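[1] got a sequence here, can you build the structure:
(2 chains)
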Amino acid sequence: MSLSDKASVSGVGETVYTRKAVKSAFELQLEASLIAIRDAGLDPKEIDGVIPIGLVTGIAEDFIDNFGIPDLRFSALIPHGGASPAMALQCAALAIAGGVCKHVLIAFGRNVSAASAKAGARIHQMPQFHYVTEFELATGMAAPAQIYAPMARRHMELYGTTIKHFAEVSVAMREHALLNDNAIMKKPITIEDHHNSRMIADPFRLFDCSLESDGGAAVVVSAAERATDMPHRPVYISGVATGHPDSPASISQRPDIASLGLGKAAGRAFEMAGVTHADIDVAEIYDCFTYAVIKQFEEMGFCAAGEGGPFVADGKLRPGGALPTNTHGGLLSQAHVWGLNHIVELVRQLRGDAGRAQVSNAEIGLVTGYGDMGDGGIAIMRRG
Amino acid sequence: MSEIPAKPVPTPTAMSQPYWDGVANGELRLQSCGACGTPRHYPRLLCDRCYSDDVKWVTASGKGKIHSWTVAHHPYHPAFVTEVPYTLVLVDLVEGPRALGRWNGDDLKIGDAVEGKFVAREDGSDLVFSSTSG
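    As a prediction, the model looks like this:
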């Protein structure tokens, strides 16, 4: 049995994204959930599966309590950081295709402004960081920017990738964000602005790094046979796959530090969907750092290994480009909600509901997730 | 001025204690499979080649080649606020595994031959690499 087109994303929801949220992570998660459930034309009591996403998150019991769900038939936790939302699409599609449940809520919330735990402390709460915490933190490798920077440095030295390539990604995301009223970053930036932004972890400058932001995002995944009776045009999950890198809990011990789980997953997703790279009209790529976007295009086979810099250099990621990417502004310029916003945006694009950022005639798109150590998730979706 | 907090101090586990005993002794110790001899790092329970849990600890030379590096400018942990910028280096050890350490020197590039030694600090020890290519 193939999972292809067995499930559809029937509802999407987002809170307002800010950097000064008053609500707790769970309140934001509930707020986004209610928006997504209403968007699907459902009552919260009709949700029969839930996959909460995040470090500080409600668990299944909390959703049952707050929504009065009478018969939750399925729940799961997926502890793979930013890969979790895309991986949750696979998990939801599996549960639905197996007849376990009909409507799975995938919901995320975070409030990092209120928390004392910024990125350098927060990641150490995640179990997959135990090697970093024990063996690397005391040396001064504390945060993702510092852990990923050697990957980017190596890519630059081996393949000639430049900070201009990184800047192109940064500017493209910002241009998209300017088309999105719910994006945190509101000012245009240039390639030079990127180069002049302060150094964080060489070669990453400030504008190479994703935002620290607050908010909630949620989607509802429903059985395909229900999708045609729901309020919105169906958006089918046509291909979905996950993959893990070798040495998944330690980048520093990985034989090729730049390799990602996405490289193992992408071919499976394309095969399941029965489409090729040329069929992709719009892409939502997990952009924790500019370099990560470049590398993921290579891992997915949009270009050869090492060619990711030249691949993005012609402006194809920008609005109106050949492959508009992160049409909501991404983690770099919209908000960082672990990439659940990327799924929301892809669904809006394929519904034809993406406002000023709408890619004309978007029929097929893809979204990736990227876990902190390089776990990968990918979903290829098509409009019904 | 607010006080700068102490650096994070690692918490050894029963499995990793021999590594930290080595650090305290100025030695970079790696696990080696007691059954098939395959080296591994960081410490873990099983050899992923033969699945044996028999472990021998071997002391690495500290010699190797630079795999990659970064210069940390933003202090993500407040304990490092007075140390930035500092250079972190990943080194392919001649024994196979890779080591993370601080860099002591000028320009560096991937492939450079280096050697690391533990340098004591108030609350622990840093593995500090420097060039051996003169």
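
[2] all strands for the chain, in order.
    With no chain named, the answer covers chain A. Taking DSSP state E, the strands of chain A run over residues A:7-14, A:49-53, A:74-75, A:103-110, A:199-201, A:204-205, A:215-223, A:235-243, A:282-284, A:364-370, A:376-383.

[3] actually it's chain B I care about, not the one you picked
    Counting by DSSP E, one finds strands in chain B at the ranges B:29-33, B:39-40, B:55-59, B:63-72, B:86-93, B:98-103, B:113-121, B:124-131.

[4] how about the fourth one: buried residues?
    By neighbour count, and taking 16 or more other CB atoms under 10 Å in any protein chain shown as the criterion, the buried residues in strand B:63-72 are B:Gly64, B:Ile66, B:His67, B:Ser68, B:Trp69, B:Thr70, B:Val71, B:Ala72. C-beta here means a position set from N, CA and C on the backbone, and glycine is covered the same way.

[5] nearest to A:Leu332, of the residues you listed?
    Among the buried residues of strand B:63-72, B:Thr70 lies closest to A:Leu332 (CB to CB), at 19.3 Å.

[6] residues contacting the closest one?
    Applying CB atoms under 8 Å, 6 or more residues apart in numbering or on different chains to B:Thr70 gives the contacts A:Gln146, A:Ala149, A:Pro150, A:Arg153, A:Ala201, A:Asp202, A:Pro203, B:Thr87, B:Leu88.

[7] in TSV, list those along with neighbour count.
    Converted to TSV, the contacts of B:Thr70 look like this (neighbours: other CB atoms under 10 Å in any protein chain shown):
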residue	neighbour count
A:Gln146	29
A:Ala149	26
A:Pro150	27
A:Arg153	26
A:Ala201	30
A:Asp202	20
A:Pro203	22
B:Thr87	17
B:Leu88	25
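
[8] how many residues are close by residue 90?
    Using chain A here. Close neighbours of A:Gln90, defined as other CB atoms under 10 Å in any protein chain shown, add up to 23.

[9] I was after chain B.
    Other residues close to B:Leu90 by other CB under 10 Å number 25.

[10] who's in contact with it?
    B:Leu90 is in contact with A:Pro150, A:Ser252, A:Ile257, B:Ile66, B:His67, B:Ser68, B:Trp69, B:Arg98, B:Ala99, B:Leu100, counting by CB under 8 Å, 6+ apart.

[11] and which of the residues you listed is nearest to A:Ile380?
    A:Ile257 (27.4 Å).

[12] the closest one and chain B, how far apart?
    Distance of A:Ile257 to chain B, computed by CB to the nearest CB, to the nearest Å: 6 Å.

[13] tell me the contacts of the residue in the stretch 251-384 of chain A that chain B sits nearest to?
    Of all residues in the stretch 251-384 of chain A, the one sitting closest to chain B is A:Ser252 (5.2 Å; CB to the nearest CB). By CB under 8 Å, 6+ apart, the residues touching A:Ser252 are A:Glu136, A:Met141, A:Ile147, A:Pro150, B:Leu90, B:Arg98, B:Leu100.

[14] contacts only, for the nearest residue to the first one once chain neighbours are set aside.
    Excluding the flanking residues, the one nearest A:Glu136 by CB to CB, 6 or more residues apart in numbering or on different chains is B:Leu100, at 5.4 Å. For B:Leu100, the contacting residues are A:Phe135, A:Glu136, A:Thr139, A:Met141, A:Ser252, B:Leu88, B:Val89, B:Leu90, B:Val91, B:Leu127, by CB under 8 Å, 6+ apart.

[15] and the furthest pair within these?
    Checking the contacts of B:Leu100 with CB to CB, the most distant pair is A:Phe135 and B:Val89, at 14.5 Å.

[16] these two: who's more crowded?
    Taking other CB under 10 Å, A:Phe135 and B:Val89 do not tie; B:Val89 has more neighbours (28 against 23).

[17] ok, now which ones touch the more buried one?
    B:Ile66, B:Ser68, B:Trp69, B:Leu100, B:Gly101, B:Arg102, B:Trp103, B:Leu108, B:Val114, B:Phe129.

[18] do the same with A:His232
    A:Ser10, A:Gly11, A:Asp39, A:Ala40, A:Arg351, A:Asp353.
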